[in-house]
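S.K.: The sequence and its predicted three-dimensional model are supplied below.
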Number of protein chains: 2
Amino acid sequence: MATTIQDIAKHAGVSSATVSRVINTSGYVGSETRRKVENAIRELNYAPNKHAQLLRTGETKNFGIVSTQFNETAVPRINSFIAAAHSAGYTTTLFITNGDQRREREAFDLLRAKELDGIFLIYRANDWEVLEKYLEDGPIVTLHNVDTPGIPSVFIDHYEGNQLALSYAWDTGCRRILNVYGTPTGLNTTRRIEAYLDFCASKDVESYPSDPFLRIFSADDVEHVVDWIEGQSPRPDAVIAHSDNIAALLVSRLQKRGFNIPEDLSIIGFDNLFVSEVMDMTTVDYGIEEQGRNACRSLLKQLGKASEGLTPLTFRLIKRGTTKDS
Amino acid sequence: MATTIQDIAKHAGVSSATVSRVINTSGYVGSETRRKVENAIRELNYAPNKHAQLLRTGETKNFGIVSTQFNETAVPRINSFIAAAHSAGYTTTLFITNGDQRREREAFDLLRAKELDGIFLIYRANDWEVLEKYLEDGPIVTLHNVDTPGIPSVFIDHYEGNQLALSYAWDTGCRRILNVYGTPTGLNTTRRIEAYLDFCASKDVESYPSDPFLRIFSADDVEHVVDWIEGQSPRPDAVIAHSDNIAALLVSRLQKRGFNIPEDLSIIGFDNLFVSEVMDMTTVDYGIEEQGRNACRSLLKQLGKASEGLTPLTFRLIKRGTTKDS
């Protein structure tokens, strides 16, 4: 027979209310008492029942993060979401769908079944129209803007971020600036391209085409870009990459071929990841950890559990060793 | 009323068996038919019911990964697990517990409730005695060896890995080799320290103490190590770090203070992470992706779904630019 809170209380020699406080990590419990209860939980092999909790409170105190994939860029964003959720008494479950549409719908079904209290959607496999229907089941916050008005997102417009990188390259003397991009279907890419074309027009310089520099993700993709750079005359004098991982590969491959960075060519990355710090690379920071915290705060707000607004995200150029001095 | 497979079949003009094949991604379905079924699923907002699937097959085709935290090192390990599970028709749910024992038990309760078919346990919050009881509920594979005989793990003994790094440092002329370590409670650290002490004894050289070089995780921790190195006379001529992230921080901080790597000091990392490749750092590789795949294969084997054995993990020194030539 299943162990109950009453069994734990009896075993630990405390009241049920105390056991409840320990289990729900709410209210004060002395450390000695807490230890007694935790020992009793262990000894009786007790597992608090999510369904019982759901019936009692209408919530499971569990958020979901849904994404098609994850990589080094996702680590600070997800970790800060998990930490913020943890402080608010929520756990987080991650669903990495590998692009599987059915798997993604299953995660959203848990919102419908109230096994999740909210979802942070990073990269999606289904059309938004499919997922939109789940809005009636609980709060959703997205990484990127979607077409439904009123859906909160922690989107930050990369037009401005790319402008910042372009201006800095220009101010440090670069005149042939190349942008390399990620997925062409993403809004980040669209906005970066717009910023690039507007910038080149405003300075009255020729722009490089975008198409050959879309979908730059792997070391091989970067090798091709470097091949192309070597074949140009005159060569580009700056490259702005859509992520620090790509910027790191560019620095590594260009140096192997004898390029001096930044004398021959400046490199600017995006995201201010760990790799940019240890490689002393100039990068555009936009508070990727704050983005994760904002996502959590947005879900809490929609649930009426937080009143504070989201921290506005702003772009900030971090000047390091892969660009010349202004 | 809930949409059923029969509703989908009617809407798509195909048989229920065909719908079932599409949903379970099993058996051949022509691409045109598949598209029809997928459209119907979308239009009717159908969500296949895990519980119905469970009742039908006794399994939910979902694995769990449980860990107290995750960082850049976890990315290749987890991604390769997810990819292997995906090829076998399994989805993966990640539970990052933040060290919360209750949260960890809740994840294991899902194994008991058959909502998970198996668990890959990376870093745990509860004592093993607490989690051991869940072995009767389904297969568990652990990253590190545990005391229960017969529990599969994808553990690889870091004694040998550290030996490899120590021998290479020695062979390239280093005589004052410092090891820095992670968590002292982990078996990896214990075994690395044993290898270090045995090595120093076998070469009849003095060893540095271990205690001041435990729990080296952050940039600040690394600054302290670098302070200490600067204060020594003679200084160490090699540092072996327990992870490439720490090795990267060492290279970055030592270079900032004017050290030439490897002329003044060799650096060897562990894990062969992305950062070691772009920073051209010597590292000890042990197939971290293979470890993730092995974990998945071990669960499948225990479920009788795979017959092949696990790929043996072996250490391999990857010689790059942060060590001298042998």
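M.R.: Yep, that arrived. Here the structure is a predicted model, which means the values were calculated and not measured. Numbering: from 1, shown residues only, chains lettered A, B, ... in the order given.
S.K.: Let me see the confidence value for residue A:114.
M.R.: pLDDT for residue A:114: 85.
S.K.: which SS state does it fall under?
M.R.: What DSSP: H, G, I helix; E, B strand; the rest coil gives for residue A:114 is coil.
S.K.: Around it, how many other residues sit close by?
M.R.: Residue A:114 is flanked by 17 other residues according to other C-beta atoms under 10 Å in any protein chain shown. All C-beta atoms are positioned from the backbone trio N, CA, C, and that covers glycine.
S.K.: Any buried residues in stretch A:143-162, and which?
M.R.: Within stretch A:143-162, the residues that count as buried by 16 or more other C-beta atoms under 10 Å in any protein chain shown are A:143-144, A:146, A:151-159, A:161-162.
S.K.: next one: stretch A:103-117
M.R.: Residues of stretch A:103-117 classed as buried: A:103-111, A:114-117 (neighbour count, 16+ other C-beta under 10 Å).
S.K.: got the contact list for it?
M.R.: A:50, A:54, A:58-64, A:66, A:68, A:90, A:93, A:95, A:97, A:118-119, A:124-126, A:130-131, A:134, A:137-140, A:299, A:303, B:47-48, B:50, B:91 (C-beta atoms under 8 Å, 6 or more residues apart in numbering or on different chains).
S.K.: What are the neighbouring residues in contact with residue A:160?
M.R.: Counted by C-beta under 8 Å, 6+ apart, residue A:160 has contacts A:195, A:315.
S.K.: center of chain A, which residue is that?
M.R.: residue A:77 (3.7 Å; C-alpha atoms, centre = their mean).
S.K.: Do I have it right that it meets residue A:290?
M.R.: No: assessed by C-beta atoms under 8 Å, residue A:77 is found out of contact with residue A:290, at 9.5 Å.
S.K.: hang on, isn't residue A:36 packed against residue A:12?
M.R.: Yes: between residue A:36 and residue A:12 there is a contact at 4.4 Å, judged by C-beta under 8 Å.
S.K.: Up against chain B, what does the stretch 51-200 of chain A have?
M.R.: A:69-72, A:75, A:78-79, A:82-83, A:86, A:91-98, A:100-103, A:105-106, A:108-109, A:112, A:126-127, A:129-130, A:133 (C-beta under 8 Å from any C-beta of the partner chain).
S.K.: so which residue of chain A comes closest to chain B?
M.R.: In chain A, no residue comes nearer to chain B than residue A:94, which is 3.7 Å away by C-beta to the nearest C-beta.
S.K.: My guess is residue A:213 contacts residue A:179. True?
M.R.: Yes: with contact defined as C-beta under 8 Å, residue A:213 and residue A:179 form a contacting pair (6.6 Å).
S.K.: The two - which one has more neighbours?
M.R.: Neighbour count, other C-beta under 10 Å: between residue A:213 and residue A:179, residue A:179 has more, with 27 against 20.
S.K.: May I have stretch A:177-190 as PDB, with CA atoms only?
M.R.: Only the C-alpha atoms of stretch A:177-190 are listed here, as PDB (Å, rounded to 0.1, in the frame of the first residue of the first chain):
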ATOM      1  CA  ILE A 177      32.400  43.300 -44.000                       C
ATOM      2  CA  LEU A 178      31.000  39.800 -44.500                       C
ATOM      3  CA  ASN A 179      28.100  38.400 -42.500                       C
ATOM      4  CA  VAL A 180      27.600  34.700 -42.100                       C
ATOM      5  CA  TYR A 181      24.200  33.400 -41.000                       C
ATOM      6  CA  GLY A 182      22.300  30.400 -39.500                       C
ATOM      7  CA  THR A 183      18.900  29.000 -40.600                       C
ATOM      8  CA  PRO A 184      17.300  31.200 -43.300                       C
ATOM      9  CA  THR A 185      13.800  30.500 -42.000                       C
ATOM     10  CA  GLY A 186      14.500  32.100 -38.600                       C
ATOM     11  CA  LEU A 187      13.600  35.700 -37.900                       C
ATOM     12  CA  ASN A 188      17.100  36.300 -36.500                       C
ATOM     13  CA  THR A 189      18.600  35.700 -39.900                       C
ATOM     14  CA  THR A 190      16.000  37.800 -41.700                       C
END
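S.K.: What residues sit buried inside it?
M.R.: A:177-182, A:186, A:188-189.
S.K.: In strands, which of those residues fall?
M.R.: If you go by DSSP state E, these have A:177-179 in strands.
S.K.: Kindly reformat the residues you listed as CSV containing distance to residue A:314 and pLDDT.
M.R.: Output for those, formatted as CSV (distance: C-beta to C-beta, whole Å; pLDDT from 0 to 100):
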residue, distance to residue A:314, pLDDT
A:177, 22, 98
A:178, 26, 98
A:179, 21, 98
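S.K.: Just give me the closest of these to residue B:326.
M.R.: residue A:178 (39.6 Å; C-beta to C-beta).
S.K.: Grab the nearest non-local neighbour of the closest one.
M.R.: residue A:236 (4.2 Å; C-beta to C-beta, 6 or more residues apart in numbering or on different chains).
S.K.: Contacts only, for that neighbour.
M.R.: A:176-178, A:208, A:229, A:265.
S.K.: rerun that using 7 Å as the cut-off
M.R.: For residue A:236, the contact set (C-beta atoms under 7 Å, 6 or more residues apart in numbering or on different chains) comprises A:176-178, A:229, A:265.
S.K.: swap in residue A:283?
M.R.: A:244, A:268-272, A:276, A:318.
S.K.: Filter the residues of the stretch 51-200 of chain A next to chain B down to the buried ones.
M.R.: Judged by 16+ other C-beta under 10 Å, buried ones among those: A:70, A:72, A:75, A:78-79, A:82-83, A:86, A:91-98, A:100-103, A:105-106, A:108-109, A:126, A:130.
S.K.: In helices, which of those fall?
M.R.: A:75, A:78-79, A:82-83, A:86, A:101-103, A:105-106, A:108-109, A:130 (DSSP state H).
S.K.: Longest helix in chain A, please.
M.R.: Chain A, longest helix under DSSP H: helix A:187-203.
S.K.: Report the rounded mean pLDDT for it.
M.R.: Helix A:187-203 comes out at a mean pLDDT of 95.
S.K.: which strands and helices sit next to that helix?
M.R.: Secondary-structure packing of helix A:187-203 (3 or more C-beta pairs under 7 Å, 6 or more residues apart in numbering or on different chains; DSSP states H and E): helix A:158-171.
S.K.: And residue A:127, what's its pLDDT?
M.R.: 88.
S.K.: The stretch 201-326 of chain A against chain B: which residues are in contact?
M.R.: A:245, A:248-249, A:252, A:274-275, A:278-280 (C-beta under 7 Å from any C-beta of the partner chain).
S.K.: Try it again at 10 Å.
M.R.: Applying C-beta under 10 Å from any C-beta of the partner chain, we find that the stretch 201-326 of chain A lies next to chain B at A:219, A:222, A:244-245, A:247-253, A:255-256, A:273-275, A:277-281.
S.K.: Mind giving me the ChimeraX command for buried ones among the residues you listed?
M.R.: Selection of buried members from these for ChimeraX, criterion 16+ other C-beta under 10 Å:
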select /A:222,244,245,247,248,249,250,251,252,253,273,274,275,277,278,279,281
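S.K.: hang on, the earlier thing: tabulate the contacts of residue A:283 (JSON lines), appending distance to residue A:43, pLDDT and secondary structure.
M.R.: Below are the contacts of residue A:283 laid out as JSON lines (distance: C-beta to C-beta, whole Å; pLDDT from 0 to 100; DSSP: H, G, I helix; E, B strand; the rest coil):
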{"residue": "A:244", "distance to residue A:43": "49", "pLDDT": "96", "secondary structure": "helix"}
{"residue": "A:268", "distance to residue A:43": "58", "pLDDT": "98", "secondary structure": "strand"}
{"residue": "A:269", "distance to residue A:43": "52", "pLDDT": "98", "secondary structure": "strand"}
{"residue": "A:270", "distance to residue A:43": "51", "pLDDT": "96", "secondary structure": "strand"}
{"residue": "A:271", "distance to residue A:43": "47", "pLDDT": "93", "secondary structure": "coil"}
{"residue": "A:272", "distance to residue A:43": "47", "pLDDT": "94", "secondary structure": "coil"}
{"residue": "A:276", "distance to residue A:43": "49", "pLDDT": "97", "secondary structure": "helix"}
{"residue": "A:318", "distance to residue A:43": "52", "pLDDT": "98", "secondary structure": "strand"}
